[in-house]
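Undergrad: just a sequence and a predicted model for now, questions to come.
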Amino acid sequence: MNSTRKRRLFNICIVILFSMSGAGLILYSLNSNLDYFFTPTELKNKTISVDKRIKVGGMVLKGSVERISSKVSFTITDYKNSVNVEYEGIVPDLFKEESGVVVLGYLKNQMVFAEEVLAKHDENYMPPSLKIVNDN
Amino acid sequence: MIKKFIHQFASPKTFLLQVERSYSFIFFTSLCIYVFSIVWGLLFTPEDFVQGNSYRIMYLHVPASFLSQSLYIAMAVSSVTYLIWRVKLAAYLVIAIAPIGAMTTFIALISGSIWGIPTWGTWWQWDARITSTLILFIMYLGLISLHNSFSNYEKADKLLSWLVIVGAVNIPIIKKSVDWWSTLHQSASITLTEKPSIDPVMLYPLIGAIIGFFGLIVCLILMSSKNQIFIREKNKSWVKDYV
Amino acid sequence: MFNFAFNSFYEAIYMNGHGIYVWSVLFIVFFSLLVFFTVYRYKIKKIKEKLDELN
């Protein structure tokens, strides 16, 4: 490689370095703001005003889902802490006990009043027949 | 010898002859693989234990998402090649790939949105993965319109290549977004280091779909670079002989 | 490994209500591919005609 090419390569490396550190600094300063939702543990350590719309995500605690007419109440847990949720409306098909959920709503008296409930699924895919075999 | 080989292949004329020779083979093989894998995935695999039949969108969504990122990496590699060695073909490739990259990103976004409706219960959320993919799409559009706004090709090529390199920082962000932050999007099912978390019966057609789609996109790139070569070298004597 | 996943043709189209999503994505993917292949084919044809005129 001759000297002009070496110089060009050097310039490219400098540009990559600067853009990476620029992006890195932006991401570092935004850090937790880029999180899509709070976990119940994060929620416990934070003071959030009642008029701020928040998202809370985790697993639906087994046996916590209760339906009273069109109202649904359940508990979101990250297996360390948990928070109760109340919601009025239709939940997505994938909303189940012991599966992922994200709710959008307001925190009042340690309770989330949800306006929207989204299901979050994981990266595992398998046929139902195999699932039964695995569980046994 | 390698130097000689690269110089020969990097000449637009040899490249065009190679394209002419291999195009139909790549096209028909990858079309067969793609259609076969899609039919297999959509109709001949069992349904998923959580998502039921809606998981079948994966066979269309994953290849497009994979290509949307790979094509940007290909553009960045071409840009570096152009900026260091001033290989003209590399500059043609950068602008030839851009619209196709935009198309695959568009497919990834649309198919992801449609997949979100039956599974998540929403078609759009500003989580890190979805937002960074949207940024990638806008970047592709920006790069194309930037190149179009120049009348001087050499200036356009140089500026485009530099910007592609600067924008490459978005690719690792897209890739790692599901690990660095909490997102609605699930984390990767297929990784280089770990066993895939997709059952083999569902995984094989997915791999086929990725390979087939990749081949079809390669064909599109060959066509678009052929077009680019004709536009840019139309005054050269070899083009006149060629046509 | 190649077992048809549905009991009937209708079930394969309907997919327990998810058919509309799956088939519309399939349509979008193949439509985009078709459009891009046609556009590039047309562009190359046009520029070849132009080059012919120049000669």
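TA: It's in.

Undergrad: for chain A, which helix is longest?
TA: helix A:3-30 (DSSP state H).

Undergrad: so what's the residue count around B:Phe150?
TA: Other residues within reach of B:Phe150, judged by other CB atoms under 10 Å in any protein chain shown, total 14. Where you see a C-beta, it was placed from the backbone N, CA and C, and this is true even at glycine.

Undergrad: before we move on, what SS does it have?
TA: Here B:Phe150 is recorded as coil under DSSP: H, G, I helix; E, B strand; the rest coil.

Undergrad: ramachandran angles for it?
TA: Main-chain dihedrals, B:Phe150, degrees, to the nearest 10: phi -100, psi 140.

Undergrad: what do you get for B:Lys236?
TA: According to degrees, to the nearest 10, B:Lys236 has phi -80, psi 150.

Undergrad: which ones are touching it?
TA: If you count contacts by CB atoms under 8 Å, 6 or more residues apart in numbering or on different chains, B:Lys236 has none.

Undergrad: one more pass at 10 Å, please.
TA: Counting by CB atoms under 10 Å, 6 or more residues apart in numbering or on different chains, B:Lys236 touches B:Pro12, B:Lys13, B:Ile229, B:Tyr242.

Undergrad: so which strand or helix has A:Val103?
TA: Assessed by DSSP states H and E, A:Val103 sits inside strand A:100-108.

Undergrad: ok, then the element right after that strand?
TA: With DSSP H and E, the next secondary element past strand A:100-108 is strand A:111-120.

Undergrad: now that following strand: average pLDDT?
TA: For strand A:111-120, mean pLDDT is 92.

Undergrad: near chain B at all, it?
TA: Yes: Strand A:111-120 is in contact with chain B by CB under 10 Å from any CB of the partner chain, via A:Glu116, A:Val117, A:Leu118, A:Ala119, A:Lys120.

Undergrad: same deal with stretch C:16-28?
TA: Yes: judged by CB under 10 Å from any CB, stretch C:16-28 and chain B are in contact via C:Asn16, C:Gly17, C:His18, C:Gly19, C:Ile20, C:Tyr21, C:Val22, C:Trp23, C:Ser24, C:Val25, C:Leu26, C:Ile28.

Undergrad: now check that stretch, is it near chain A?
TA: Yes: judged by CB under 10 Å from any CB, stretch C:16-28 comes into contact with chain A at C:Asn16, C:Gly17, C:His18.

Undergrad: check stretch B:42-62 too.
TA: Yes: using CB under 10 Å from any CB, we find that stretch B:42-62 touches chain A at B:Thr45, B:Pro46, B:Glu47, B:Asp48, B:Phe49, B:Val50, B:Gln51, B:Gly52, B:Ser54, B:Tyr55, B:Met58.

Undergrad: who wins on neighbours among those residues?
TA: Result: B:Ser54 is most packed of the residues of stretch B:42-62 next to chain A (other CB under 10 Å), 26 neighbours.

Undergrad: and the gap between that one and B:Gly121?
TA: From B:Ser54 across to B:Gly121, the span is 12 Å (CB to CB, to the nearest Å).

Undergrad: now do the shared contacts for the two.
TA: Joint contacts of B:Ser54 and B:Gly121 (CB under 10 Å, 6+ apart) are A:Asp93, A:Leu94.

Undergrad: buried stuff in the strand holding A:Val103?
TA: Applying a neighbour-count criterion of 16 or more other CB atoms under 10 Å in any protein chain shown, one finds A:Gly100, A:Val101, A:Val102, A:Val103, A:Leu104, A:Gly105, A:Tyr106, A:Leu107 buried in strand A:100-108.

Undergrad: do I have it right that B:Gly41 meets B:Pro205?
TA: Yes: B:Gly41 lies in contact with B:Pro205 (CB atoms under 10 Å); the separation is 3.7 Å.

Undergrad: find residues that contact each of these two.
TA: B:Arg56, B:Met58, B:Tyr59.

Undergrad: the first one and C:Gly19 touch, don't they?
TA: Yes: between B:Arg56 and C:Gly19 there is a contact under CB under 10 Å: 9.5 Å.

Undergrad: which of these two has more neighbours?
TA: For B:Arg56 versus C:Gly19, the count of surrounding residues by other CB under 10 Å is larger for B:Arg56: 29 against 17.

Undergrad: distance of that one from chain A?
TA: 11 Å (CB to the nearest CB, to the nearest Å).

Undergrad: check contacts around that residue.
TA: Per CB under 10 Å, 6+ apart, neighbours of B:Arg56: B:38, B:41-43, B:45, B:47-48, B:115, B:202, B:205, C:5, C:15, C:18-19, C:21-23, C:25-26.

Undergrad: give me the domain ranges for chain A.
TA: Using automatic domain parsing, the domains assigned to chain A come out as A:3-32, A:36-120.

Undergrad: near chain C, which residues of chain A?
TA: Of all the residues in chain A, those lying near chain C are A:Asp93, A:Pro127, going by CB under 10 Å from any CB.

Undergrad: spatially central residue for chain A, please.
TA: A:Phe37 (4.2 Å; CA atoms, centre = their mean).

Undergrad: can you tell me the closest non-neighbouring residue to B:Leu71?
TA: B:Gly101 (3.9 Å; CB to CB, 6 or more residues apart in numbering or on different chains).

Undergrad: over to A:Val65?
TA: Leaving out its chain neighbours, the residue that sits closest to A:Val65 by CB to CB, 6+ apart is A:Phe74, at 4.5 Å.

Undergrad: doesn't that neighbour belong to a strand?
TA: Yes: under three-state DSSP, A:Phe74 sits within a strand.

Undergrad: that one: how many residues sit nearby?
TA: A:Phe74, neighbours per other CB under 10 Å, totals 23.

Undergrad: give the contact list for it.
TA: A:60-61, A:63-67, A:84-87, A:91, A:95, A:97, A:101, A:103, A:114, A:117.

Undergrad: check A:Ala114 too.
TA: A:55-56, A:72-74, A:76, A:85-89, A:91, A:101-106.

Undergrad: take the contacts of B:Arg56 and keep only those in helices.
TA: Of these, the ones assigned to helices by DSSP H are B:38, B:41-43, B:115, B:202, B:205, C:19, C:21-23, C:25-26.
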